[in-house]
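J.: pasting the sequence and the predicted model now:
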Amino acid sequence: MHYLIRRSLHAVFLLFGVSILTFLFSALTPGNYFDEMRLNPQISPETVAALRAQSQLDRPLPVRYVHWLSAVAHGELGFSFAYNSPVGPLLWARARNTLLLTITATLLAWLLALPLGIWSASQFGRAPDRVLSWATATLLVIPDLVLALGLLILAVRTGWFPTGGMISVGFESLSPLDKLRDLASHMVLPVLALVLSALPMLVRHVRASVAEVLEAPFLRAALGHGIPRRTLLYRYALRTAANPLISLFGFSVGTLLSGSLLVEVIMSWPGLGPLLLEAILARDLYVVIGCVLLSMLFLVAGNLFADVLLYWADPRIRTEASAK
Amino acid sequence: MPLRSFTKWLVVLLVLHGVIAAAGFFAPYSPIEQDRDRPYLPPMRLHFFDTQGHFHFRPFFHPLRLRESAFDQYEESTSTAIPLHFFVRGASYHLLGILPMRFHLFGASDARICLLGTDAFGRDQLSRILYGGQVSLLAGLLGAGVTLFLGALIGIVAGYYAGWRDELLMRVAELFLALPWLYLLFALRAFLPLSVSPLEAFLLVVVVIGLVGWARPARLVRGVVLSVKERDFVRAARGFGASHLYLLRRHILPETASVLLTQAAILVPQFILAEMTLSFLGLGIPEPISSWGNLLASLQNYSVLVSYWWMYLPALAIIPFFLGYLGLASSLQERPAAYKIVEKKSWNPS
């Protein structure tokens, strides 16, 4: 258990560190949300100054940070100037949508990558393996921006999928089943863009680590004992090759979160991406900080999940931890 | 063998970059030359066979005219055929930014030839893509330069001096690695001025991109330095009284070269994409300067997306560059293994 506690403490350290870092960066910001108000002749300078004081923007940085920390403790995460409301509730609604997209894409990408990579490794060097390698190489050189825009154009021209937003007009009046179907049809395009951009890297890694394991003597022995191929590949080879792949899982969460940011903006999915972009353009300080921290929280959670998985899958880590 | 593939990819990349660097020659027009009477001209087709079916060695095209009762629908006026000429005189430009020239690879005398169509202001897409590439590639290359410089500096300080400096720097690096990189990029961009002149915007983009990626190369360099500084030849040099600066310059920096080179091949395309993403979202290079990112910005408009597919073409320009850098990176990653075997054989003949 020491191992997991250590990893959790590390995650907490990261959260604090990044929050301090973002606050330090925010001190560099020239101008703030209220600067544009100053240009407006209808708003008196006193009002602007009062608003500034109310939002604590005229206080020194450490004071603001402590104030913000207490707001975090209340689940508010500071105050959004543009929405005139606490950041917390604003973020949760958007974060749910981002998570829906990212988790679906992560699961789907891995569910596809594992069998594809294992199959490719079992056919190592033969025609199917080479075709698949070419396919992943092709996907690898298409950046996510290009891919997402291309898919969007395809959808617009063919009309196969809805091209923007998360739900159709009149979503409220649909039956639960239709609601689900509507949501799913809206998810197809963004999830496809995310999965396709993450897939080639995953398949290549799975293939490489499984192919390496397949060379091992114990697997040849197992093959000699007449253990079925499928059991051999999925039970023995995958288990042995799992270690680097689980670390890759944490990394893939980060890639997918980044990809999701872009895909959400392009396909107007109401997640953190569009919110962050609006907040940057409006200089809505605490929303930016909230979005960034939340993205980090997700990534750290993904890594922590990978750590737990590793602890469960790799007996060496368990013995190492208990030895200490 | 890997060395040969390295050379091959290097040549491919040099040619690709050369085309972009000499954009003025390959682009038929200036990127800001407008033709407001012909917005959203679709890509023109080059013909070899005329309406009678006769073959012409010199390709020609039919100028486009507006279809009746339409404001953005064009058709070829097949009655006139305009031949394409090579090495024609056109708008003046500076080759590689210094050499004043007027020659363009191709052009036509009576009408504008827009092989990839035009945008909302009737500006030639091909020219804008070629000139935009200069901005995007330069941003990517300079950004990677900044990142690698920072990464090498921090990695060397952390690895060589160790102790509290190492601890502090690596903890900060962890913070940078803990953020999804696009969020980090946006966060850095968020805290810098928004409305700036094109040149300032370019420098901002370079700085932001450069600051994002230093953590990974820094950690790799640190690892190399940690192992190199304990090697016998370094210890010997230190024993002979070599100064820190001498050791770093003469023995340690050269050992980090292969790591840095591999990182460069990985980072440059990623950073070109970062510039594209920033400019695409309106946080990077502003109009009228073109970059691969802001050329795509018009696609955020739904009607453009539906009607003018050729506005998507700038996106495809990055793909050969991605391919080139991917090839270069994988050929570099193959190299150390071969290098190690050779090294082992020659140094430890046990």
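T.: Noted; the coordinates are in hand. Residues are numbered from 1 along each chain as shown, chains lettered A, B, ... in the order given.
J.: and the closest residue to chain B within the stretch 201-324 of chain A, how many neighbours?
T.: Nearest residue of the stretch 201-324 of chain A to chain B (Cβ to the nearest Cβ) works out as residue A:258 at 3.6 Å. C-beta coordinates here come from the backbone N, C-alpha and C atoms, glycine included. The number of residues packed near residue A:258 is 24, by other Cβ atoms under 10 Å in any protein chain shown.
J.: which residues touch the nearest residue to it once chain neighbours are set aside?
T.: Leaving aside its chain neighbours, residue A:258 sits nearest to residue B:182 (3.6 Å; criterion: Cβ to Cβ, 6 or more residues apart in numbering or on different chains). Counting by Cβ atoms under 8 Å, 6 or more residues apart in numbering or on different chains, residue B:182 touches A:257-259, A:261-262, B:277.
J.: what does the stretch 101-250 of chain A put close to chain B?
T.: Within the stretch 101-250 of chain A, the positions adjacent to chain B are A:137, A:140-143, A:145-146, A:149-150, A:152-153, A:156-157, A:164 by Cβ under 8 Å from any Cβ of the partner chain.
J.: what's the PyMOL line that selects buried ones from those?
T.: A single PyMOL command selects the buried members of those (16 or more other Cβ atoms under 10 Å in any protein chain shown):
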select buried, chain A and resi 140+141+142+143+145+146+149+150+152+153+156+164
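J.: what residue is smack in the middle of chain A?
T.: Note on chain A: the residue nearest the mean C-alpha position is residue A:257, at 2.4 Å, using Cα atoms, centre = their mean.
J.: if we only consider the residues of the stretch 101-250 of chain A next to chain B, which is nearest to residue B:321?
T.: Nearest to residue B:321 among these, counting by Cβ to Cβ, is residue A:141 at 8.9 Å.
J.: my guess is that closest one contacts residue B:322. True?
T.: Yes - counting by Cβ atoms under 8 Å, residue B:322 is a contact partner of residue A:141 at 4.2 Å.
J.: average pLDDT for stretch A:104-119, rounded please.
T.: Mean per-residue pLDDT for stretch A:104-119: 91.
J.: pull it out as CSV, backbone CA atoms only.
T.: C-alpha atoms of stretch A:104-119 as CSV (Å, rounded to 0.1, in the frame of the first residue of the first chain):
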residue,chain,number,x,y,z
THR,A,104,-15.0,6.9,-24.4
ALA,A,105,-12.2,7.6,-26.8
THR,A,106,-9.5,6.2,-24.4
LEU,A,107,-11.5,3.0,-23.9
LEU,A,108,-12.3,2.6,-27.6
ALA,A,109,-8.7,3.4,-28.7
TRP,A,110,-7.3,0.8,-26.3
LEU,A,111,-9.9,-1.8,-27.1
LEU,A,112,-9.0,-1.5,-30.7
ALA,A,113,-5.2,-1.1,-30.2
LEU,A,114,-4.7,-4.2,-28.1
PRO,A,115,-6.1,-6.8,-30.5
LEU,A,116,-4.7,-5.0,-33.5
GLY,A,117,-1.2,-4.8,-31.9
ILE,A,118,-1.3,-8.3,-30.7
TRP,A,119,-2.4,-9.6,-34.0
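J.: may I see the buried residues of it?
T.: Buried, per 16+ other Cβ under 10 Å, within stretch A:104-119: A:104-106, A:108-110, A:112-114, A:116-119.
J.: stretch A:232-240 now?
T.: By 16+ other Cβ under 10 Å, the buried positions in stretch A:232-240 come out as A:232-233, A:236-238, A:240.
J.: cool, stretch A:117-135 as well?
T.: So stretch A:117-135, judged by 16+ other Cβ under 10 Å, has buried residues A:117-123, A:129, A:132-133.
J.: residue A:191: neighbouring residues, count only.
T.: 22.
J.: my bad, should have said residue A:92
T.: Residue A:92 sits with 12 neighbouring residues when counted by other Cβ under 10 Å.
J.: helices or strands next to the helix or strand encompassing it in the packing?
T.: Using DSSP states H and E, residue A:92 sits in helix A:87-122. The contact analysis (3 or more Cβ pairs under 8 Å, 6 or more residues apart in numbering or on different chains; DSSP states H and E) places helix A:87-122 against strand A:79-80, helix A:127-140, helix A:176-214, helix A:238-266, helix A:272-282, helix A:285-313.
J.: now the angle from that helix to helix A:238-266?
T.: For helix A:87-122 against helix A:238-266, the angle by axes from the mean of the first three to the mean of the last three Cα atoms, to 10 degrees is 130 degrees.
J.: mind listing what's buried in the helix or strand hosting residue A:15?
T.: Element membership for residue A:15 (DSSP H and E) is helix A:2-26. Residues of helix A:2-26 classed as buried: A:3, A:7, A:10-11, A:14-15, A:17-19, A:21-23, A:25-26 (neighbour count, 16+ other Cβ under 10 Å).
J.: can I get the helices and strands packed on helix A:87-122 in TSV with distance to residue B:55?
T.: As requested, the helices and strands packed on helix A:87-122 are exported to TSV (distance: least, Cβ to Cβ, whole Å):
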stretch	distance to residue B:55
strand A:79-80	67
helix A:127-140	35
helix A:176-214	43
helix A:238-266	44
helix A:272-282	53
helix A:285-313	59
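J.: for the chain, give me the ranges with low pLDDT.
T.: Picked chain A for this. A:1, A:30-33, A:35-38, A:52-58, A:169-171, A:320-324 (pLDDT under 70).
J.: oops, I was thinking of chain B
T.: Judged by pLDDT under 70, the stretches of chain B that qualify are B:1-3, B:334-350.
J.: kindly recompute the last result at 50.
T.: Across chain B, the ranges flagged by pLDDT under 50 are B:1, B:336-350.
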